[in-house]
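# Sequence plus predicted model, see below.
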Amino acid sequence: MGDKRMRFKYVPVLALFFLCLLITGCRRESGSSSDRNSPENIETLKRRLSLRIETEPRTNGTISRGTFSVFENRKAGKGRMIRLSVIILHTVHPQPEADPVFVIAGGPGYDVTDRENTYMDSWIRDKRDIVLVSLRGSGGNNRLDCRGAGRDDDLQSYLNSMFNEDAFRAGLEELRHKYDLSQYSTFHAVDDLNELRRAIGYSRINIFADSWGTRTALVYMKRHTESVRCAVFDAIVPTAFRNPLYHSPSAQSALDLLFAECANDPACSAAYPYLEDKFQSVLMRLEESPVDVTISHPVTQKRVQVRLNRDAFAEALRTMLYYLPSNRQVPYLIHRAFEGDFEPFAQMGVESNRRVRMTLALGLLASVTCTEDVTRIDRGEIPSVTGNSFLKDTRIMEQIAICDFWPRTDVPDDYGNPISVDIPILMFSGSQDPVIPPHWGEEAARDLPNSLHLIIPGAHRVAGLCVDSIRQQFLDNPSIHDLDISCTEAIHMAPFRTPRPERRPK
């Protein structure tokens, strides 16, 4: 969006609303029961919305950018206001559908407005607006960062624990002078979203959510049921999920599936025989003695030395298993480490962890999970849950230690109860998801009578033409009974990275 030819047109909020009626087909809400009980009327909410219209030179389409102000303390309804970043990618259709797609990202702590380029050319815009809003604490002028957990001037920090107690104590000391951290819960966030929906003028919305964003979406649909037409979920996190209790067994399960896949793949098994035994050997070596590795800095490309120990190796492997490009590299990386060359693994480990820590608002993650999840974990159950996972209980205990001093938010007593709504919901799970495996989707589906759960070959979050075609069918006609899902039978995981055959001289 840095094109100098971009034209900006500033529009008063009230005028913007009427422009929205023409451009996007928004219609004035009739008002659900939850809306009628809101302390803010629509005119007041519209005054809190500040947007400007931009014209895209490439498509001549329009984008609205700006902020929506909400009370940090929603219950008080007064005091400090925080500004949420808002981006509306308006539909390019001359006669658009009235119900937009609200996209909710995961984490908790990812700012969905960072995905603007991902959705710029999305098929969704053919008929509907796409609304991206930074949930409270994830962006805008109230991002709850905790930068000490990873810095570019200290690459070793990306291999150290993400839940470094000193870093979080320092982050807390900085944040508590700016924000009331007791006000950053999923419940406050979804009520912010509903107010924004009303301020813009959408009567009903569709929700696309992934990972932790699906939990947020479920809470939204429970509290504002009448405002949701349908939802599409990827990697479903029901309320029964307690972050991070299940991270260890889930990662082990994904790794076991990967080992089995490699063993049954002729090219992979020939290149990396006895892969699981080699993996255990690497863990034992690092348990006995960490290794010093020289890697290239992801930004400057300068050579930098880092130290890799067993815990760092295990956590980096977990993040690599998340997505298919790095997931497909894992056998190669383990094999190289077994042979004594840890550089490829350390390089990818730093880059993988860096992406997570650069984009995730760790202060928000702590604010949400410390109250909504960690308080529901019985420390006595941890050994039986983690079992013999390669991650052990390290991540769980480190996050619990942070929550022992992090401020907590208010949530209802029934927070952990299953959420059941009759809204049409299409759900996808990746077959090798290392954090939200498919059984969580199956559990959520038991309480969602109007849902369809599809397991797709893949890792955390799935994609592709087939998946998009199913999503599009469902969005056009939100019925779980009329979908053509036959294309899923042809989906296969990408091949593993294996050595290239040597060229023989002619």
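Structure's in. What do you need?
# wait, isn't Gly66 in contact with Ile53?
No: checked against Cβ atoms under 8 Å, the pair Gly66 and Ile53 is beyond contact range at 9.5 Å. All C-beta atoms are positioned from the backbone trio N, CA, C, and that covers glycine.
# who does whichever strand or helix holds Glu443 touch, helix- and strand-wise?
Using DSSP states H and E, Glu443 maps to helix 438-446. Packing partners of helix 438-446 (3 or more Cβ pairs under 8 Å, 6 or more residues apart in numbering; DSSP states H and E): strand 425-430, strand 451-456.
# Highest mean neighbour count out of these?
Using mean count of other Cβ atoms under 10 Å, the stretch among the helices and strands packed on helix 438-446 with the largest mean neighbour count is strand 425-430, at a mean of 26.
# helices or strands next to that one in the packing?
strand 228-234, helix 438-446, strand 451-456, helix 465-476.
# And those: which comes nearest Ala494?
Among those, strand 451-456 comes nearest to Ala494, with 13.1 Å by Cβ to Cβ.
# average pLDDT for the closest one?
What strand 451-456 shows for mean pLDDT is 98.
# from here on, count from 4
OK, 4 is where the count begins now, so the last one is strand 454-459.
# What's the end-to-end length of stretch 436-450?
Start-to-end span of stretch 436-450 (Cα to Cα, to the nearest Å) is 22 Å.
# ok, now stretch 399-414?
Distance across stretch 399-414, first residue to last, is 22 Å (Cα to Cα).
# Buried residues, it. List them.
By neighbour count on 16 or more other Cβ atoms under 10 Å, the buried set for stretch 399-414 is 399, 401-403, 405-406, 409-412, 414.
# Can you tell me which of those end up in strands?
With DSSP state E as the criterion, strands contain none of the buried residues of stretch 399-414.
# The stretch 104-253 of the chain: helices as residue ranges?
Using DSSP state H, counting those that start in this stretch, the helices found in the stretch 104-253 of the chain span residues 119-123, 168-178, 189-203, 215-226, 250-266.
# Highest mean neighbour count out of these?
Mean neighbour count (mean count of other Cβ under 10 Å) peaks for helix 215-226 among these, with a mean of 24.
# Could you tell me the average pLDDT over that one, please?
Mean per-residue pLDDT for helix 215-226: 98.
# what's the offset of it from the middle of its chain?
Put simply, helix 215-226 sits 13 Å off its chain's centre (Cα atoms, centre = their mean, to the nearest Å).
# Spell out for me which residue occupies the centre of this protein.
By Cα atoms, centre = their mean, the chain has its centre lying nearest to Gly109, at 2.4 Å.
# Pull the contacting residues for Val115.
The contact partners of Val115, taken as Cβ atoms under 8 Å, 6 or more residues apart in numbering, are 106-108, 135-138, 141, 216.
# between those residues, which has the most around it?
Leu138 (31 neighbours; other Cβ atoms under 10 Å).
# In this structure that one contacts Phe105, no?
No: because the distance of 10.9 Å does not satisfy Cβ under 8 Å, Leu138 is recorded as not touching Phe105.
# tell me, what's touching these two both at once?
Listed as contacting both Leu138 and Phe105 by Cβ under 8 Å, 6+ apart are Leu196.
# Now intersect the contacts of Val115 with the strands, please.
Counting by DSSP E, the contacts of Val115 place 106-107, 135-136 in strands.
# Disregarding flanking residues, what is the spatial nearest neighbour of Ala404?
Glu168 (5.8 Å; Cβ to Cβ, 6 or more residues apart in numbering).
# how much space between that neighbour and Ile210?
To Ile210, Glu168 is 36 Å away according to Cβ to Cβ, to the nearest Å.
# Then Asn144?
Distance, Asn144 to Ile210, by Cβ to Cβ: 25 Å.
# With neighbour numbers in mind, choose between those two.
For Asn144 versus Ile210, the count of surrounding residues by other Cβ under 10 Å is larger for Ile210: 27 against 13.
# any idea how far the nearest residue to the more buried one once chain neighbours are set aside lies from Asp417?
Distance criterion Cβ to Cβ, 6+ apart; nearest residue to Ile210, sequence neighbours excluded, is Ala234 at 4.3 Å. Ala234 is 21 Å from Asp417, where distance means Cβ to Cβ.
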